[in-house]
Structure formats: C-alpha cells, structure tokens
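fold the stuff below for me.
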Amino acid sequence: MKRLRTSTFAKLTTLLAVLVIPIILLYAYSHQVSINVVRSAVEEGQRNRLTFFMSQMDTMIDQLTKYSVIASNDDGIKSYLAERSGSTPMERIDSQQRITDMLNMQIATSSWDSQILMYLMQYRELLTTDLSARYDAEYLAHAHKQNWTYHRDSRGQAFFSWMRTSVSSQDLIVEVRFTDQNLVNMLNRLKQDGDSEPFLYAPDGTVIANSTSVEETIQMAAVTLNELQLGEEGSRIVQSGQGKYVMNYVLSSSLGWYLVDFVRLDSVYSPITLSSALFYISVSLLLVLVLLLTLLLYRNVQRPISRLLHAVRRIRDGQYMTRLKDVPKNEFMYLFHSFNNMAEQIEELIERVYKESLRSKEATLKQLQSQINPHFLYNCLFYIKNMANLGDKEAVVAMALNLGEYYRYTTRLEKPTAPLEEEVKLVDNYLTIQMLRLQRLTFEIEVPDSMMQLEIPRLLLQPIVENAVIHGVEDQLDFAMIHISGEIEGSRCRIRIDNNGQGMDVGIIDKLKQQVEEPLNERGGFGLWNIHQRLVTRYGKHAGLTFSESPSGGLRVELFWEIPSRGKEG
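Numbers count the residues shown, from 1 in each chain. This is a model prediction of the structure:
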C-alpha cells in the first residue's frame, strides 16, 4: 500500500509542487522588490513634502524674529525712553499709543496670530499689542533670551516666545509671541494633502498635533520617538497593533522641534496588494485544474486509504465505536469489512474490561462510604461539647440529630440508587451541621417537587456540596452562601450548586473540565471524576458535570442528565 501511494499519487503531487512552487517564489520576490521600490518612493516624497512645509514654517518664524529687532530700533521707542522721565502723563500716554500702533502695524503684516511685548525694566512698564498681558518680573527672570521657547500661561493658552534685549538700551526687552494654534492650522493643511498624521514633536516629549489627529497613533509615535536617537531628518518603519507605518521626521532650525509625519503602508500598497491577490487567485485556479486530473486516482486509491488510516487513529485514541461506512465497490471492500469486524471485537473486549474496572471502583467507593471522616466527626463532637458547656441544649440536640441522620444515610449500602429527595435531605443535614459550626454560613435549596422522586446514583450531591464548603467558603471571613437549585425540562434534568467564594480562574476551570473527561486510569480518583463517570455510565454521554463561574461570585457546579425512557430502563 505504501509502494502504491509513493508510485502514483505522491509522485504526481510532487511534480505539481515542483512546477508551481518556483513560480510562486519568483513572484513573491518580485512582489517584495515592488514593495521596497514603492516604500522608498513614499519615504522620499514624504521627506520632500515635510522639508518644503518646514521651510515655510521656518520662514514665517524667522520673520517674527525680525519683528523684535525692528521694534527695538524704532525711533519712537528710543524717543520715549529718552524723554519719559521729563514728560507729562498725557505725553507718555500719547507716546505709548503711537508705539502700540506701530507694533500693531508690524504684526498685521504676518498671517499668523502673533503679539509683540516691550518690557521697560527701569519703569516696570509693558507696551504690547496683547491687551491681556501684564508685566511679570518673575517670568522675565526665568526667560531664555534669543531662543524660541514653549510656554503655557495661567489661562491654559499655549504659545511660543522669542525674547531679546535691545542693543540701544539694556532696560528694554522685546518679546515676540505666537500661539500654537498657528502650527495646528498648518498641520491641518498638511494633513489635507494626503492620508497622513502630521504632528510636531519636541525633544522633551511635548507634542502638538493636528486638530483631527488620532490620539492612539500620536501616542504610539511619541513613544517610538522617545526611544530613537534622532538626527536632522530620517525615516523609520514602525509596527503597531493597527499595522505598519512609515514615519518621516525633519528638524526645524528655528524652533528646534521635529516635524513628524505618519503614513500607513496599507493605503500605499493597496494596488500592489490587489495585483498580488489576483495572481494568487489565478495560481489557485490553475492548481484546481491540475488537481482535477488526479481526482480519479484520489477517489479510487488515496481516499479509501485515508479513511482507513483515520479510522485506525480513532481506534488508537480510544474511540472504539468507530466503523467504516460507504464501503467502496473495489479491492478495499475486504479491508473495510475486516476493519469493522476487528473494531467490533475490540469494543466488546474493552467494554468488558471497563465495566469490570467500574465495578471495582464502585466496591471501593462503598467501602469508603462506610468509613467515617474523623476530622469532620471530631469537629462536630467538639461543637457538641462546647454547646453543652454553654448550656445550649437546642444546639446540642440539633447537631446530634443532624449528625445521626447524616451518618445513617452515608453508611447505608443496600442499594446503589436513591430518590433525589433522600439526597437533598442528606445535603440539608450536612449543611445544617456546617451552619451550626460556621454561623456565618447560610444555604438555600430550591429543587422542584417534580424532581424529588427521581432515582439517581447515591452520594452525587453531598461530595460536591462538601467541596463548595471546604474549598469555596469555609476560609472566607465574609458572609458565606450555598445555593442549590434544580430544574427539569422535558426529559432533561439539571441541579446547580453555587457558592459565593473566591471562585477559580478560567484556566483552572478548563483544566477541571478536562480532568473529569479523561478516561479511566490506574490513578482514578473518587471525587468529581467519580461523580462525572457515574453519571455518564448510567445516563450516557449526554450526562455529567460542568463547571462555570457562579453569578454569586464563586464556582458553579452543574449536574445534568436525561431521564431514560421506560424501554431503556427495562
């Protein structure tokens, strides 16, 4: 069989791969070359675009810088400084108005929103086009001369400032300001020219973005820039959760800030991506046509062999009910019939061994049921002793009665099943005992009367409730709650045990689900695995345990099974 596969189907498949794979590899190489060329063109175009924009911005800023020189050399301000001490108040007001008009005429020639401020240090006086500005000695003391700096005033207004001392008079300081909104407007115009995300970035991490920027993209770009050693200009490829971006940056010679622009590569590569998709579709159609030529061989040889191998793997994995159907009308008919006979014999043998193992487990379980848990009994007897010393007869009587009922039921071994009513009564006794010991514990049992007479395997509920108390709520200091509810829909029954403990992680719950589904082994236990297997053995594969997070915060354990019909019961 191996020789047949090697000489026919495998050889044709190998030949097909030898023909198609080099074509795909060559196209993949040419596709990558095209992407590199386009990326280089995009980067170059973005850098040229940013350089042109930066030159415009630096020209505008340099023009504002010259305003300080022109204003400090104006004859009007020189005359005002020379004659101020000997002039009258009215003359000073007239001179101040002329100077202010001169300053307004200068800033009117600029398209930016800017202001000029003239500080007369000797007289602590301010002449400015900004009516809201005030003389601030502390601000002047900490100001950087002849360097554009970024500030934010008490009103939250952000602005750039250039300050210099007049050459003609050391008592005169001239400051030029412009708001960051001027830069935002320019960034908005830059963004309109393409699918990009331009912003200004200072070496200290400060960012000025366009008004329609995406905050997540800007933050991601700023973090990337903080980690880089930036030169005067450059380009980088940045990977984020939303895809790849081309990041270009240019340094401003006037401000010392970087103009940064982000362009998403997906939008640039869309034509190449489309042509690539069309190519791969064409290759796929070619493969389909070639594969049609091998269909006859596949249907008559490869497919029966694959089905047979798959069935053998299922038998190996423990799925002994596997049978081969749709037996082909050729030489494989004999192999399929032989496999089905072999699988049937294996299933019968495993079934006998499995049932024998379950009977052994059940016998061991009955032996364990007859044993008394010393720790639980000692706690109950110690409680009775304490209550007797305190003279609380009602607590002593309640504990003794519930303890007697509890052990009377757990040591009964005459039959393997019991009505659900008796199981609920056992749980009630157990929880009453625990409630007497742990006064912060309460419980509720809401099982409909229509379920009470259902026959179920003994000791299904109590071990789960015991786990909920011991592992769920016993160690918590707050109010503890156990809630047991049942429902029946048609022939499907469910019982849920909820607690308000700390619960379990999703990973632990998934592991618990996997453990109760594992097949029988030499280390088989008698806890939740035993309960799950007893349900599956009695009611079939549509029964068992499931685990999930409880609405009350802890763990929910749910038992489910279907009531067998009379025919099945018989």
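
for the nearest residue to residue 121 once chain neighbours are set aside, what are its contacts?
Nearest residue to residue 121, sequence neighbours excluded (C-beta to C-beta, 6 or more residues apart in numbering): residue 171, at 4.5 Å. All C-beta spots, glycine's among them, are computed from the backbone N, C-alpha and C. The contact partners of residue 171, by C-beta atoms under 8 Å, 6 or more residues apart in numbering, come to 81, 120-122.

could you do residue 224 as well?
Taking C-beta under 8 Å, 6+ apart, one finds 236, 238, 247 in contact with residue 224.

give me the distance between it and residue 424.
64 Å (C-beta to C-beta, to the nearest Å).

likewise for residue 212?
Residue 212 sits 65 Å away from residue 424, going by C-beta to C-beta.

try residue 473
Going from residue 473 to residue 424 by C-beta to C-beta gives 20 Å.

more neighbours: which of these two?
residue 473 (23 against 19; other C-beta atoms under 10 Å).

quick check: that one vs residue 443, distance?
10 Å.

so what sits against both of the two?
Common neighbours of residue 473 and residue 443 (C-beta under 8 Å, 6+ apart) are 481-482.

contacting residues around residue 120?
Residue 120 is in contact with 81, 84, 126-127, 171-172, counting by C-beta under 8 Å, 6+ apart.

ditto for residue 117
Going by C-beta under 8 Å, 6+ apart, residue 117 touches 126-130, 133, 174-177.

if we use 7 Å, what do you get?
126, 128, 130, 133, 175, 177 (C-beta atoms under 7 Å, 6 or more residues apart in numbering).

can you give me the helices for the stretch 251-400 of the chain?
265-293, 295-297, 303-316, 332-369, 374-390, 393-410 (DSSP state H, counting those that start in this stretch).

going by mean pLDDT, which of the ones you listed comes out lowest?
Here the helices of the stretch 251-400 of the chain differ in mean pLDDT, and the lowest is helix 332-369 at a mean of 68.

let me see the contact set for residue 174.
By C-beta under 7 Å, 6+ apart, the contact list for residue 174 reads 68, 71-72, 116, 118, 164, 166.

please pull up the helix or strand immediately following whichever helix or strand it is part of.
According to DSSP states H and E, residue 174 maps onto strand 172-179. Going down the chain from strand 172-179, the next helix or strand is helix 181-192, by DSSP H and E.

list the contacts of that following helix.
53, 57, 112-113, 198-200, 208, 210-212.

mind putting the residues you listed into CSV with distance to residue 517?
Shown next, in CSV, are the contacts of helix 181-192 (distance: C-beta to C-beta, whole Å):
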residue, distance to residue 517
53, 65
57, 68
112, 73
113, 72
198, 57
199, 55
200, 60
208, 59
210, 57
211, 58
212, 54
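
just checking, which of those belong to strands?
Judged by DSSP state E, strands contain the following of the contacts of helix 181-192: 199-200, 208.

count of neighbours near residue 457?
19.

not counting sequence-adjacent ones, nearest residue to it?
residue 534 (4.9 Å).

elements contacting the helix or strand that contains the one you found?
Using DSSP H and E, residue 534 sits within helix 528-539. Counting contacts by 3 or more C-beta pairs under 7 Å, 6 or more residues apart in numbering; DSSP states H and E, helix 528-539 packs against helix 506-517, strand 544-549, strand 555-562.
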